[in-house]
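Asker: Structure, please.
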Amino acid sequence: MKIDLKQDLKKVEQDLADRVKNYRKSKKSILGKPGDPVRLITLGFSYDQSGSTAVVFDTRPDASYDGEWTNCDRKEVAFNHWTQAIDDVCENESTKLDITLHDGSQRTFKGDFEQTELAECFGLMCRAALESAWKKGLFAPLPLAEECQLAVEDFAGFYGWTSVEPAHITNEKAAIAELQARAARLSKPRRIEFWIAELECLATERPCHSAQILNGDKFVIKELFGLGKDGVVSMLKWAGKWALKPEFRDPATKKKGEGIHYRSAWVLSSVFKQLRESRVKSDEIEQLVRSYIKRALKTPKFQGRGSAASREKKTLDVVSLFPAAMYLNECYPEPPKPVKKDSGKRPKNAKAFSGGKKRTSKRST
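Answerer: Below you'll find the model as predicted:
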């Protein structure tokens, strides 16, 4: 499957020109009062749900990078081939998605892609269109506020950019600096304990400093990987304690029901995705991963009741098993390649990864 964002860029640029030309003829795509100054121009996009882009002119007195463009009655430009290509890749693990970026460079994705990395491809294309239009003076005919800003955002929130750094990003940078400074004052063993505690809070949705950071789990996991094998082993031992816990429970009542949350599941998945990406390996790490899979296979599935939506959640499974199995397959010679089910995340052949490492015995002659 292929997507050429260099070609799609031309369509986005043409839509921007059309929207400026027809600005006073239609109230669509205007957030706030049509006659007021435009304080924020947002180019939103969706690459996996609807395959579309939409420009929204924000005239609210308190216009800000707050995602309100998604609630605006807006004119969208369809890119149906985006969703078709991505659906094909998700449904077929062997299918590759080749993307030509707006600058002509190439990226390739497979079925286990990171949403943020894929979203960035479309986000950078939209940003290039918006910045180019601004530099060419395309928006000059509009009633622009003196400090009009630009923004790009994915409808699902996997990518975002603004010409002025918003307060939440400034706070995020401050949180990262504070956490790293606090950890730096500790000895290595205490530092590992510190990051593991942060990971535990994120998995259980308890308040912690890392919760202020977008993708805080990935940030903490990278800090643990930065501490070498000791950090990785400690993190896998921590993951092992979670292996037998049902992942789909209401965090308030601790009971199975409609209020399902996935936080612990995705934190564990991030651990094994990072392990797979790093390709760090040792006998101890291999045995810890195998042990995790063996225990996680015993985890009770969520059994939904009542509504159709609830019953549908019966198909959900342990999301961390697939990246864990892929890690073993790619880093060690014996495990086979995981085979995906039609639904859920548990490989069909998951048990092949749960046993101890096979060892050949030497016979005496």
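
Asker: Could you verify that Glu147 is part of a strand?
Answerer: Yes. Assessed with DSSP: H, G, I helix; E, B strand; the rest coil, Glu147 lies in a strand.

Asker: By mean pLDDT, flag the weakest helix or strand of the chain.
Answerer: helix 308-312 (a mean of 36; mean pLDDT, DSSP states H and E).

Asker: Helices of the protein, start to end?
Answerer: 5-21, 80-91, 115-135, 167-184, 188-204, 216-225, 229-242, 263-278, 283-296, 308-312, 321-331 (DSSP state H).

Asker: what stretches of the stretch 201-350 of the chain score poorly on pLDDT?
Answerer: 244-263, 299-319, 335-350 (pLDDT under 70).

Asker: Return the residues in contact with the nearest residue to Trp238 once chain neighbours are set aside.
Answerer: Nearest non-adjacent residue to Trp238, counting by C-beta to C-beta, 6 or more residues apart in numbering: Ile196, 5.3 Å away. In short, each C-beta sits where N, CA and C put it, glycine included. By C-beta atoms under 8 Å, 6 or more residues apart in numbering, the contact set of Ile196 is 224, 234-235, 238.

Asker: Considering those residues, which possesses the most neighbours?
Answerer: Leu224 (25 neighbours; other C-beta atoms under 10 Å).

Asker: can you pull the contacts of the closest residue to that residue other than its chain neighbours?
Answerer: Nearest residue to Leu224, sequence neighbours excluded (C-beta to C-beta, 6+ apart): Gly231, at 4.0 Å. Each residue near Gly231 by C-beta under 8 Å, 6+ apart is listed here: 192, 195, 223-225.

Asker: again, but for Ser270
Answerer: Going by C-beta under 8 Å, 6+ apart, the list of residues near Ser270 reads 217-218, 221.

Asker: how close does the nearest residue to it once chain neighbours are set aside sit to Gly67?
Answerer: Leaving aside its sequence neighbours, Ser270 sits nearest to Asp217 (C-beta to C-beta, 6+ apart; 4.9 Å). The gap separating Asp217 from Gly67 is 22 Å, by C-beta to C-beta, to the nearest Å.

Asker: do Arg290 as well
Answerer: On the measure of C-beta to C-beta, Arg290 and Gly67 end up 42 Å apart.

Asker: These two: which has the busier surroundings?
Answerer: Shown here are Arg290 and Gly67; by other C-beta under 10 Å, Arg290 has more neighbours (20 against 14).

Asker: Verify the stated contact: that one with Leu328.
Answerer: Yes. Arg290 lies in contact with Leu328 (C-beta atoms under 8 Å); the separation is 7.1 Å.

Asker: what's the neighbour count on Gly104?
Answerer: 9.

Asker: Next: Asp283.
Answerer: 9.

Asker: Quickly note the distance from it to Val289.
Answerer: 11 Å.

Asker: Please apply the same query to Glu117.
Answerer: 23 Å.

Asker: More neighbours: those two, which one.
Answerer: Set Glu117 next to Val289 and count neighbours by other C-beta under 10 Å: Val289 wins out with 27 against 12.

Asker: Can you give me every residue that contacts the more buried one?
Answerer: Counting by C-beta under 8 Å, 6+ apart, Val289 has contacts 236, 272, 275, 324, 327-328, 353.

Asker: can you redo those residues as a markdown table with distance to Lys298 and neighbour count?
Answerer: As requested, the contacts of Val289 are exported to a markdown table (distance: C-beta to C-beta, whole Å; neighbours: other C-beta atoms under 10 Å):
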| residue | distance to Lys298 | neighbour count |
| --- | --- | --- |
| Leu236 | 18 | 21 |
| Phe272 | 18 | 25 |
| Leu275 | 21 | 26 |
| Ala324 | 15 | 30 |
| Tyr327 | 20 | 26 |
| Leu328 | 18 | 24 |
| Phe353 | 14 | 25 |
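
Asker: Please tabulate those in a markdown table and include distance to Phe45 as additional columns.
Answerer: Shown next, in a markdown table, are these (distance: C-beta to C-beta, whole Å):
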| residue | distance to Phe45 |
| --- | --- |
| Leu236 | 37 |
| Phe272 | 30 |
| Leu275 | 31 |
| Ala324 | 32 |
| Tyr327 | 32 |
| Leu328 | 36 |
| Phe353 | 38 |
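
Asker: Name the nearest of those residues relative to Leu43.
Answerer: Phe272 (34.8 Å; C-beta to C-beta).

Asker: Is the closest one in contact with Ala324, as I believe?
Answerer: Yes. Between Phe272 and Ala324 a contact is recorded at 4.3 Å, counting by C-beta under 8 Å.

Asker: Any idea how many residues pack against the nearest residue to Ile41 once chain neighbours are set aside?
Answerer: Once flanking residues are discounted, Ile41 sits nearest to Leu150: 5.4 Å by C-beta to C-beta, 6+ apart. By other C-beta under 10 Å, 19 other residues sit near Leu150.
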